[in-house]
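Below is the structure, and that's it, no one-letter string:
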């Protein structure tokens, strides 16, 4: 297994396919006081519609320690942010100021263009604690590249709960197991936060936390 965080991409034809490629993440610094493991872009510039995947944390922040990604533009993509631990405040040029907490999701569809920032909330700076975040950028097709930008936030209880033998999951985006997330995605996909026994089938699996060992 690689020493750095990695995702395993398996063949698409059947679950017994050979591993197609292993993508190792690069550790980089973003903004002020924020670091991530970046999986995409990597050896393969993109993976289907997915153009960037950043995994931040879990990192411990002492009381008084802040972090910030200063205002920057997006165009032609949707940015999906999911928080496992901590609290991040999203601000954008549409006038939204929205904190995102564990189990909640933000979707910012840039379309023809938007500017946003991400910062520690005042409460998180005061108390400190663990920060654990996953952010995915999804490319928009030509039909949607110039749409008006919009922003959507969903609380934990708004995300459908999937229960299957050996697994419990929250459906963050798309459709799976007969359920549909209310997240307004323009690119076909499904995105779940799954607490499970070892997965038996996967097209794209990114392990953010594990209680066991992998051989």
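It's in. Computed from a prediction, not measured in an experiment: that's the story for all the values here.

Please give the element, helix or strand, for the closest residue to residue 185 other than its chain neighbours.
Of all residues not flanking residue 185 in the chain, residue 173 sits nearest, at 5.1 Å (C-beta to C-beta, 6 or more residues apart in numbering). Bear in mind the C-beta positions are built from the backbone N, C-alpha and C, glycine included. Secondary structure assignment for residue 173, by DSSP states H and E: strand 167-176.

swap in residue 188?
Short version: residue 188 belongs to no helix or strand, going by DSSP H and E.

I'd say it and residue 174 touch.
Yes: using C-beta atoms under 8 Å, residue 188 is in contact with residue 174, at 7.0 Å.

and those two? which has more neighbours close in?
The residue with more neighbours, out of residue 188 and residue 174, is residue 174; 16 against 11, by other C-beta atoms under 10 Å.

quick one: the more buried one and residue 185 touch, right?
Yes: proximity of residue 174 to residue 185 meets the contact threshold set by C-beta under 8 Å, at 6.2 Å.

Which stretches in the protein count as helices?
Secondary structure of the chain (DSSP state H): helices located at 122-127.

Where does pLDDT dip in it?
For the chain, applying pLDDT under 70 flags the ranges 1-20, 43-45, 196-215.

change it to 80
The chain contains residues with pLDDT under 80 at 1-23, 42-48, 166, 196-215.

I'd like to check which residues are in contact with the residue nearest to residue 185.
80, 105, 107, 181, 183, 185, 189, 190, 191 (C-beta atoms under 8 Å, 6 or more residues apart in numbering).

try 7 Å this time
Applying C-beta atoms under 7 Å, 6 or more residues apart in numbering, we find residue 173 in contact with 80, 181, 183, 185, 189, 190, 191.

roughly how far apart are the residue nearest to residue 107 when sequence neighbours are not counted and residue 185?
Distance criterion C-beta to C-beta, 6+ apart; nearest residue to residue 107, sequence neighbours excluded, is residue 152 at 4.7 Å. Residue 152 sits 9 Å away from residue 185, going by C-beta to C-beta, to the nearest Å.

Give me the more crowded residue out of these two.
Taking neighbours as other C-beta under 10 Å, residue 152 and residue 185 compare with residue 185 leading, 20 against 17.

Touching, that one and residue 172? I think so.
No: with contact defined as C-beta atoms under 7 Å, residue 185 does not reach residue 172; the gap is 9.7 Å.

Residues in a beta bridge with the closest residue to residue 159 other than its chain neighbours, which ones?
Leaving aside its sequence neighbours, residue 159 sits nearest to residue 170 (C-beta to C-beta, 6+ apart; 4.5 Å). Per DSSP bridges, the residues bridged to residue 170 are residue 161, residue 193.

How about residue 153?
Those that pair with residue 153 in a beta bridge, by DSSP bridges, are residue 106.

returning to that earlier point: could you dump the contacts of residue 173 to CSV with distance to residue 136?
Listed next are those as CSV, based on distance: C-beta to C-beta, whole Å:
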residue, distance to residue 136
80, 5
181, 14
183, 12
185, 11
189, 9
190, 12
191, 7
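
residues in contact with residue 145?
Residue 145 makes contacts with 76, 111, as judged by C-beta under 7 Å, 6+ apart.
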